[in-house]
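Trainee: Based on what follows, work out the 3D shape:
(one chain, ligands or ions: 2)
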Amino acid sequence: MNNKTVLVTGGAGYIGSHACVELLQAGFKVVVVDNLSNSKPESLSRVQQITGSPLTFYQADIRNKQALTDIFAKESPSTVIHFAGLKAVGESCEQPLLYYHNNVYGTLVLAEVMSNANVKQLVFSSSATVYGESSSVQYTENFPLGPINPYGRSKAMIEDILRDLSAADKTNQTEYPWKIALLRYFNPIGAHESGMIGEDPNGIPNNLMPYVAQVAIGKLKQLPVYGDDYPTRDGTGIRDYIHVVDLVKGHIKAIEALNSEKFEAGGCKAYNLGAGRGYSVLEIINAFERVTGRKINYKISPRRAGDLAECFANPDLALKELNWKVEKNLDDMVADTWNWQTKNPQGYI
Ligand code: NAD
Ligand code: UFG
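Mentor: Ligands and ions are numbered 1, 2, ... in the order given. Below you'll find the model as predicted:
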C-alpha cells in the first residue's frame with residue numbers, strides 16, 4: 001500500500017480519469033482538481049466504481065490561486081500530475097488568448113502554489129506537437145522544438161517555464177529541488193477495458209479514432225480521410241497510436257523515477273510516450289473493420305492544414321530511464337474503443 005497523495009489536475013478528463021484508475025490501483029490517495037470545462041463528474045464516479053476506492057474531487061479552476069492554495073493546505077499532496085488544459089488545435093488558432101491563459105497562465109499559478117506549499121514533484125502532460133519540422137519521422141527527445149499552432153506553443157512555453165524553474169534550483173542551490181517529468185504523448189486512443197470510462201468528445205470529433213467509432217455506430221455518416229497523396233506507404237497520414245492505459249502507466253513509472261536516485265539532485269526531463277511504430281489512416285480503418293465487423297464508410301478528402309505526413313516516437317529513453325514501454329497492440333486499442341463506444345453511445349450522460 002502506498003499512502004502518498006497525488007493531486008491530479010484535469011483528472012475528470014479522458015486521460016486524467018484513466019490515470020486516476022491506475023493511481024488508485026497502485027495504492028495512491030487521489031485528489032482531483034478539475035473545472036469540468038471539458039468533462040463530466042460522472043467519469044469520476046465510474047473511476048470509483050471500477051476501483052472500489054474513493055477519491056477526493058474539487059471542482060475548481062487551476063487559475064484560482066486561493067482555491068488551489070486551500071486545496072494544497074488541506075490535502076498535502078506529495079506529487080502533482082498536471083493534465084488540466086485545453087487541447088483543440090483548431091480552436092487554439094481561433095482563440096489563442098484563451099489557450100495561453102488557460103494552459104500557460106494556469107500552469108504558472110499551479111507552479112507558484114506548489115512552490116509555496118513546497119510540493120516540487122511534477123509530471124506534466126506535454127505533446128509530440130512540440131517538435132518542429134524534422135528530417136526524420138521518428139522523433140527523439142533532443143530534436144529541436146518548433147510547434148506550429150498556439151496549442152502546441154502553449155505546451156512548448158510550459159516546458160520552457162518548467163525547465164527554467166528547475167535550472168534556477170541549481171543557481172540558488174535549493175535544498176529541495178524541483179523534480180519534473182515532461183511527458184510528450186503521441187496519439188492516445190482506446191479506453192479502459194471495462195468500457196466504463198473513455199473519450200467523450202464534445203460535438204464532432206477532431207481526432208481520427210473517436211470519428212471512426214462514431215461512423216461505425218452510425219452517429220456520423222462518413223469519415224473524411226484527410227489526404228491520400230502523402231509520401232507514405234499508402235498515401236495517408238501515419239501516426240504513433242498509444243493505448244491510453246499504457247500511457248497512464250507511464251505516469252506511474254515517472255512518479256517512481258522522480259522518487260528514485262535518478263532524480264535525487266532534482267531536474268526536469270522530457271520523455272516520449274509512444275509505441276515507436278506508426279499506422280496509417282487506412283490501416284486504422286482496416287483494423288477497425290476487422291475487429292468490430294462493422295463497415296467504415298469513408299471518403300478521400302483534401303489534406304487538413306497543419307498535418308504532417310508521418311511521425312512516430314523513439315521511445316528508447318522512456319524504456320531506459322522510466323522502465324516503461326507499451327504493452328497493448330492496435331487490436332486492443334480498437335476493441336477497447338469499440339467496447340466503450342457501444343456501452344456509452346452518447347458518452348457520459
Ligand atoms: P480532456 O479535455 O479530456 O481533459 C482535460 C481536463 O482538464 C478536462 O477535464 C477539463 O475540464 C480540465 N481543465 C481544462 N482547463 C482547466 C482549468 N483551467 N482548471 C481546471 N481544469 C481544467 O483532455 P485529455 O485528452 O485528457 O488531455 C489531458 C492533457 O493531455 C491535456 O493537457 C492535453 O493537452 C494533453 N495531451 C492530450 C493529447 C490527446 O490526444 N488527447 C495528446 C497530447 C497531449
Ligand atoms: N484524420 C483523418 N480524418 C479525420 C481525423 C484525422 O483522416 O477525421 C487523420 C489526420 O489527417 C492524421 C491522423 O488521422 O493523419 C491522425 O489525426 P488526429 O487528429 O487523430 O491526430 P493528430 O496527430 O493530428 O493530433 C493529435 C492531437 C494533438 C496532438 C498530437 C500529437 O490532436 O493535440 O496528436 O500528440 F498534439
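
Trainee: name the element I252 belongs to?
Mentor: helix 244-258 (DSSP states H and E).

Trainee: List the buried residues for that helix?
Mentor: Residues 244-255, 257-258 are the ones in helix 244-258 that count as buried (16 or more other C-beta atoms under 10 Å). For every residue, glycine as well, the C-beta is placed using N, CA and C.

Trainee: That helix close to ligand 2?
Mentor: No - judged by C-beta under 6 Å from any ligand atom, helix 244-258 and ligand 2 are separated, with a smallest distance of 10.5 Å.

Trainee: Run the contact check for that helix versus ligand 1.
Mentor: No - using C-beta under 6 Å from any ligand atom, helix 244-258 never reaches ligand 1; the gap is at least 8.2 Å.

Trainee: which parts of the stretch 151-300 of the chain sit against ligand 2?
Mentor: 185-187, 206-208, 211, 223-226, 237, 239, 281.

Trainee: Quick check: closest non-adjacent residue to T79.
Mentor: Q121 (4.3 Å; C-beta to C-beta, 6 or more residues apart in numbering).

Trainee: show me the contacts for the one you found.
Mentor: Q121 makes contact with 78-80, 178-180, 255, 258-259 under the criterion C-beta atoms under 8 Å, 6 or more residues apart in numbering.

Trainee: ok, it to A167 distance?
Mentor: 17 Å (C-beta to C-beta, to the nearest Å).

Trainee: for E289, same thing?
Mentor: 50 Å.

Trainee: Ok, G293 next?
Mentor: As judged by C-beta to C-beta, G293 and A167 stand 54 Å apart.

Trainee: and what of T292?
Mentor: Applying C-beta to C-beta to T292 and A167 gives a distance of 49 Å.

Trainee: Report the contact partners of the residue of the chain found nearest ligand 2.
Mentor: For the chain and ligand 2, the shortest gap (C-beta to the nearest ligand atom) falls at G237, measuring 2.2 Å. Taking C-beta under 8 Å, 6+ apart as the criterion, G237 is in contact with 226-227, 230, 280-281, 307-310.

Trainee: Could you list the low-pLDDT ranges of the stretch 201-349 of the chain?
Mentor: Scanning the stretch 201-349 of the chain for pLDDT under 70 picks out nothing.

Trainee: can you give me the strands in it?
Mentor: 223-226, 238-239, 241-243, 267-273, 279-280, 298-301, 312-313 (DSSP state E, counting those that start in this stretch).

Trainee: I'd like the ones you listed as JSON lines, with mean neighbour count and distance to ligand 1 appended.
Mentor: Formatted as JSON lines, these follow (neighbours: other C-beta atoms under 10 Å; distance: least, C-beta to the nearest ligand atom, whole Å):
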{"stretch": "strand 223-226", "mean neighbour count": "18", "distance to ligand 1": "16"}
{"stretch": "strand 238-239", "mean neighbour count": "22", "distance to ligand 1": "10"}
{"stretch": "strand 241-243", "mean neighbour count": "25", "distance to ligand 1": "9"}
{"stretch": "strand 267-273", "mean neighbour count": "23", "distance to ligand 1": "9"}
{"stretch": "strand 279-280", "mean neighbour count": "22", "distance to ligand 1": "15"}
{"stretch": "strand 298-301", "mean neighbour count": "13", "distance to ligand 1": "21"}
{"stretch": "strand 312-313", "mean neighbour count": "25", "distance to ligand 1": "12"}
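
Trainee: Brilliant, that's me finished.
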